[in-house]
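Q: Quick one: sequence plus predicted model below, questions after.
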Amino acid sequence: MNPFLSSVTTQPMTELLKIAGLMGLGIVAGLINVMAGGGSTLTMPILIFMGLDAATANGTNRVAIFFQNLFAVFSFHREEFYHFSSVLHYAAWAIPGAIIGSLVAVRIDDQLFQKILAVVIIGVMISVMLPQRPAASRPLISHQWLIYPVLLFIGFYAGFIQAGVGFIFMAAFFHILKQNLVQVNKSKVFIIFFTSLPALIVFALSAKIHLTYALALSAGNAAGGWWAARLTIRKGEKLIRWVLFAAVLLMAIKLFGLI
């Protein structure tokens, strides 16, 4: 066999396999992100393994996050009426934080950061897995105003780091606004869709997006986000709790360096 011909035909085939693999990975990540969070801990290492630097992998992943949440919003709206005015109100509080987060560079030791993040995520998992008290037994004093400063923080975190923001979001809306996990996920995908825009613009202007990989991953994430929204409405909180438990456990183990 002609070795030159072999090298010519192998390269396109390798790229096709990468694209197909990214689409499949995107479906899994989209399902996990919409129903729980942490899907980026699967996609980011793969993008880096495929030869992208960390910044380009981050920017490429942001494109997929954008389309994932866009399709999840449409899917939620088809399954159940969306109160757009309410979630848009909350999104308006998160967007300034996202803009700041996407522009600010914070220096911290990677290993220390990952361990702190793992501890935070485990705490969030425990808090969300615990059942809420019945409405009749809750205090009459409302602290729902706390959601606004928390949304600014969530926006900043989403703009700057992104990975694991779904967990923090779920804990905030679950405990402060007393939403069930189905309502939480509906709010989450809408608001994260908007908070992903500032960072996406920054990465695009910095030429830190691999367009081919971004499109392949976006196709998978969009499909995963669409089906996750439908499953969320149809299967309810019980399924969300199990997906949340598995996703957080895997992410924490990974961040601690055990796998």
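A: On my side now, so go ahead.
Q: And what about K208, helix, strand or coil?
A: K208 carries the three-state label coil when classified by DSSP: H, G, I helix; E, B strand; the rest coil.
Q: Neighbours of it, how many?
A: For K208, the neighbour count with other Cβ atoms under 10 Å is 18. Every residue, glycine included, has its C-beta placed from N, CA and C.
Q: do I19 as well
A: Using other Cβ under 10 Å, I19 has 17 other residues around it.
Q: Local confidence estimate at the residue nearest to it when sequence neighbours are not counted?
A: Leaving aside its sequence neighbours, I19 sits nearest to A216 (Cβ to Cβ, 6 or more residues apart in numbering; 4.3 Å). Reading off the per-residue confidence, A216 sits at a pLDDT of 96.
Q: Then G225?
A: pLDDT, G225: 91.
Q: didn't it look like it was pressed against V189?
A: Yes: the pair G225 / V189 is scored as a contact, 7.0 Å apart, by Cβ atoms under 8 Å.
Q: re the thing from before, within the helices and strands, which one has the residue nearest to I19?
A: For A216, the element it lies in under DSSP states H and E is helix 211-235.
Q: Now do the buried residues in that helix.
A: Neighbour-count burial for helix 211-235 flags 213-232 (criterion: 16 or more other Cβ atoms under 10 Å).
Q: helices or strands next to that helix in the packing?
A: helix 3-35, helix 40-49, helix 54-79, helix 181-205, helix 237-255 (3 or more Cβ pairs under 8 Å, 6 or more residues apart in numbering; DSSP states H and E).
Q: wait, which of those helices is closest to S102?
A: Evaluated with Cβ to Cβ, these place helix 181-205 nearest to S102, the distance being 4.0 Å.
Q: gap between that closest one and the chain center?
A: Averaging C-alpha coordinates over helix 181-205 and over its chain gives two centres that are 8 Å apart (Cα atoms, centre = their mean, to the nearest Å).
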